[in-house]
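Asks: next comes the sequence, and after it the predicted model I'd like to discuss.
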Amino acid sequence: MSIQGKVWKYGDDVNTDVIFPGKYTYTITDPKEMARHALEDLDSKFVKEVKKEDIIVAGRNFGCGSSREQAATCLKYAGVGAIVAKSFSRIFFRNAINQGLPLIQCKEAVENISSGELIEINFEKGKLSCQKGVFDFPPLPESVLGILEDGGLIPHTKKILKIEKGELKWPNIR
Amino acid sequence: MGKTFAEKILALKSGKESVIAGEIVTVSPDSVMSHDNTAAIAKKFKQIGIDKVKHPEKIIIPLDHCVPAATEKYASNHKEIREFVREQKIENFYDINTGVCHQVLPEKGHIIPGTLILGADSHTTTYGAFGAFSTGIGRSEVASIWATDEIWLRVPETIKINIEGNVPSGVYPKDIILHIIGDLCADGALYKAVEFSGKVIRDMDIGGRMTLCNMTVEMGAKIGYIEPDEKTIQWLAPRTNKKYEIIKSDTDAAYEKIIEYDISDLEPQIACPHTVDNVKPVSKVVGTKINQALIGTCTNGRLEDLKIASKILCGKKISRGVRLLIFPASMEVFAQAMELGVLQELVKSGAVIMNPGCGPCLGAHEGALAPGEVCLSTANRNFKGRMGCKEAEIYLASPSTVAISSLYGEISDVRGNLK
């Protein structure tokens, strides 16, 4: 699987309150509506201009703060194809994988990518290509990759339970 | 080489003889907490395609984030949760008259040393104050645990923070943790277990230990941990009759690093807009005008916090330009503060006493800010837009600093003002 998209570049410590404000946490339940508020308090241009498979590139500790899963959901439904960062906050990391949104941790790549450029990510090969070169990134752990490949944790759990009941066979799962 | 607390408890909960930091394990938690987000989790749970949760006795649900409901939408959310609780026969449900989850769970005897607690809330790290392994997870993960009783966790490396010295007058646990976060930064403990130790921790009361562990997530930590001692055992005694085993790090455990602090010369600390690690000593921000002062939340809404505030405000009036909101962390705290006359003193000084709950901390309920306004709060986050308005500014401080500042209408130094 590979994707190609335009880069939206941000700095360090992009927190969940600026990704998806707390005031919406119990009033917005539809993922498509969540997407309309993505990055609302950080970059008002984002939701107006973001295209499918665009890629967010950010600094350290992306997604720090609240455990709200909507921070990952709103970006996924806004069309974001992947997030590349120097590091991710741990709950956001889990939430993104559980929403089927791929994350790449690659400090070197982040330092060499500019906002607005087109980059390509090949997940199987672990390669990111941008104007300044090609960067390698380590693959995700197998157990985590399985969740991502199933499109998120809910479909993944559904599949596991079907296997346990004998409705699906093992090769379908990691 | 010995083992850390994190390695020991995750080995125990994954049924392995031993595990090492960096390993990924599958564990079965002792308890799973969710709050007002339970209705959204229930929807995800139904998508999995099963009807009944595997272990209703492991599920704990306090309503706290928007209580009582502010709008029809919030009311419907609470209604859905109450229906789900009945349908799934969940016993440990606490309605809007109980308090903030992180205060309620320990008070009601759900937290004991040596247990693994997961919660759909980032400040679930609080329970490390009782020697539990507790951390935040997302909504899909809670739904999945309800269905399977399992989750994967990475065994974290451990940073030991040793705090020594004599705590100066006017300095409180909140000042200590803000100082550490300012020093280590917002990702200073990313993915790590943080173990607090030293004389200052041994002397600290349980409420202060909860404040420390609550805020470890603000430096990226997976858990906070304080080794249970006689104080822990005494605090738990009237609240639970469950048997527990205290799990401690070995004296020769493999810590990733050990950081030493001597706080003998520490000033009261303030986290300035718009990040929790933008911490300055109070002397650098004295004089900053405030419109709202907030004492409460899961960080600092306990009896000892309200007592400190009432002592400072006793017989005085808050500044005319300031709104002082008090949110006791739980109904137990509320009742005790009432009996002791603490609330009476606060009301006389001009404070507004609110019902226990998260209040304006996350901008979803009452006490929101207007553009251009400044709030000095005892909460744990000051991100842009956090209290409902991105053009407002939030400063974080101890209950003592918030109380003295509400008297003067500007950020003030409590030292020299103490009786």
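Replies: Everything's here; your move.
Asks: distance of the closest residue to residue A:112 other than its chain neighbours from residue B:379?
Replies: Leaving aside its chain neighbours, residue A:112 sits nearest to residue A:132 (4.2 Å; criterion: CB to CB, 6 or more residues apart in numbering or on different chains). Heads up, the C-betas are built off the backbone N, CA and C, glycines and all. From residue A:132 across to residue B:379, the span is 42 Å (CB to CB, to the nearest Å).
Asks: higher neighbour count, these two?
Replies: Using other CB atoms under 10 Å in any protein chain shown, the more surrounded residue of residue A:132 and residue B:379 is residue B:379, with 28 against 14.
Asks: report pLDDT for the more buried one.
Replies: pLDDT recorded at residue B:379 is 97.
Asks: contacting residues around it?
Replies: By CB atoms under 8 Å, 6 or more residues apart in numbering or on different chains, the residues touching residue B:379 are B:294, B:296-297, B:299-300, B:361, B:394, B:396.
Asks: what of residue A:60?
Replies: Contacts of residue A:60 by CB under 8 Å, 6+ apart are A:12-13, A:85-87, B:187.
Asks: and which of the residues you listed is nearest to residue B:75?
Replies: Residue B:75 lies nearest to residue A:13 out of the contacts of residue A:60, by CB to CB, at 35.3 Å.
Asks: is it true that the closest one touches residue B:278?
Replies: No - using CB atoms under 8 Å, residue A:13 is not in contact with residue B:278, being 10.2 Å away.
Asks: who has more neighbours, these two?
Replies: residue A:13 (24 against 17).
Asks: confirm that one sits in a helix?
Replies: No - Residue A:13: not assigned to a helix; according to DSSP: H, G, I helix; E, B strand; the rest coil it is coil.
Asks: can you give me the helices for chain A?
Replies: A:16-19, A:31-35, A:46-49, A:70-77, A:90-98, A:107-112, A:142-149, A:153-164 (DSSP state H).
Asks: show the contacting residues for the residue nearest to residue A:79 when sequence neighbours are not counted.
Replies: In space, and not counting its chain neighbours, residue A:79 is closest to residue A:52: 4.1 Å by CB to CB, 6+ apart. Applying CB under 8 Å, 6+ apart to residue A:52 gives the contacts A:5, A:79, A:81.
Asks: same check on residue B:183?
Replies: Taking CB under 8 Å, 6+ apart as the test, what residue B:183 contacts is residue B:279.
Asks: packing partners of the helix or strand hosting residue B:86?
Replies: Taking DSSP states H and E as the definition, one finds residue B:86 inside helix B:72-87. Applying 3 or more CB pairs under 8 Å, 6 or more residues apart in numbering or on different chains; DSSP states H and E, we find helix B:72-87 packed against helix B:38-47.
Asks: tilt between the helix it packs on and helix B:72-87?
Replies: Orientation check (axes from the mean of the first three to the mean of the last three CA atoms, to 10 degrees): helix B:38-47 against helix B:72-87 gives 50 degrees.
Asks: next SSE after helix B:38-47?
Replies: Following helix B:38-47 in sequence, per DSSP H and E, is strand B:59-62.
Asks: does that following strand reach chain A?
Replies: No - on the criterion CB under 8 Å from any CB of the partner chain, strand B:59-62 is out of touch with chain A, staying 14.6 Å away.
Asks: which regions of the chain lie under the pLDDT threshold?
Replies: Assuming you mean chain A. By pLDDT under 70, the low-scoring segments of chain A are A:170-174.
Asks: that's the wrong chain, I wanted chain B
Replies: B:418-419.
Asks: check which residues of the helix holding residue B:86 are buried.
Replies: By neighbour count on 16 or more other CB atoms under 10 Å in any protein chain shown, the buried set for helix B:72-87 is B:74, B:77-78, B:81, B:84-85.
Asks: and the chain, what are its domains?
Replies: Using chain A here. Per the record, chain A has its domains at A:2-138, A:141-174, by automatic domain parsing.
Asks: nope, chain B please
Replies: B:5-261, B:269-408.
Asks: include distance to residue A:30 when you put the contacts of residue B:379 into a markdown table, please.
Replies: Below are the contacts of residue B:379 laid out as a markdown table (distance: CB to CB, whole Å):
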| residue | distance to residue A:30 |
| --- | --- |
| B:294 | 32 |
| B:296 | 32 |
| B:297 | 29 |
| B:299 | 32 |
| B:300 | 35 |
| B:361 | 25 |
| B:394 | 29 |
| B:396 | 33 |
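Asks: relative to its centroid, which residue of chain B is most remote?
Replies: Centroid-distance maximum for chain B: residue B:49 at 34.0 Å, with CA atoms, centre = their mean.
Asks: pretty sure that residue contacts residue A:159?
Replies: No - between residue B:49 and residue A:159 there is no contact under CB under 8 Å: 10.2 Å.
Asks: so how far is stretch B:168-178 from its chain's centroid?
Replies: 16 Å (CA atoms, centre = their mean, to the nearest Å).
Asks: other residues contacting that stretch?
Replies: Taking CB under 8 Å, 6+ apart as the rule, stretch B:168-178 contacts B:163, B:167, B:200, B:204, B:207-209, B:211-212, B:215-216, B:261, B:263-271, B:276, B:279, B:299-300, B:308, B:378, B:396-401, B:413-415, B:418.
Asks: again, only this time at 6 Å
Replies: Contact with stretch B:168-178 is made by B:208, B:211-212, B:215, B:263, B:266, B:268-269, B:271, B:279, B:300, B:398, B:400, B:414-415, B:418, as judged by CB atoms under 6 Å, 6 or more residues apart in numbering or on different chains.
Asks: for stretch A:6-23, same thing?
Replies: A:39-42, A:54-62, A:64-66, A:68, A:70-71, A:74, A:113, A:115, A:117-119, B:186, B:362-364, B:383-386, B:388.
Asks: how about that stretch: buried residues?
Replies: A:6-10, A:12-23.
Asks: ok now that stretch, how far from the chain's centre?
Replies: Worked out by CA atoms, centre = their mean, stretch A:6-23 lies 12 Å from the chain centre.
Asks: ok, stretch A:76-88 next?
Replies: Using CA atoms, centre = their mean, the offset of stretch A:76-88 from its chain centre is 3 Å.
Asks: any idea how far residue A:124 is from residue A:58?
Replies: Distance from residue A:124 to residue A:58, by CB to CB: 23 Å.
Asks: looking at these two, which is more packed in?
Replies: residue A:58 (21 against 8).
Asks: ok so, going back, what are the phi and psi values for the residue nearest to residue A:112?
Replies: Phi and psi for residue A:132, reported as degrees, to the nearest 10, are phi -90, psi 0.
Asks: wait, residue B:128 touches residue B:212, no?
Replies: No - using CB atoms under 6 Å, residue B:128 is not in contact with residue B:212, being 8.6 Å away.
Asks: please say which of those two ends up with more neighbours.
Replies: residue B:128 (30 against 27).
Asks: for chain A, longest strand please?
Replies: strand A:2-9 (DSSP state E).
Asks: spell out which residues of chain A are next to chain B.
Replies: Neighbours of chain B within chain A, by CB under 6 Å from any CB of the partner chain: A:13, A:15, A:17-18, A:21-23, A:25-27, A:41, A:60-61, A:64, A:66-67, A:69, A:90-91, A:94-95, A:98, A:141, A:143, A:153-154, A:157-158.
Asks: now the buried members of these.
Replies: Buried among those (16+ other CB under 10 Å): A:13, A:15, A:17-18, A:21-23, A:25-26, A:41, A:60-61, A:64, A:66-67, A:69, A:90-91, A:94-95, A:98, A:153-154, A:157-158.
Asks: for residue 1, the count of nearby residues, please.
Replies: Looking at chain A here, since you left the chain open. 9.
Asks: other chain: chain B
Replies: Counted with other CB under 10 Å, residue B:1 comes out at 7.
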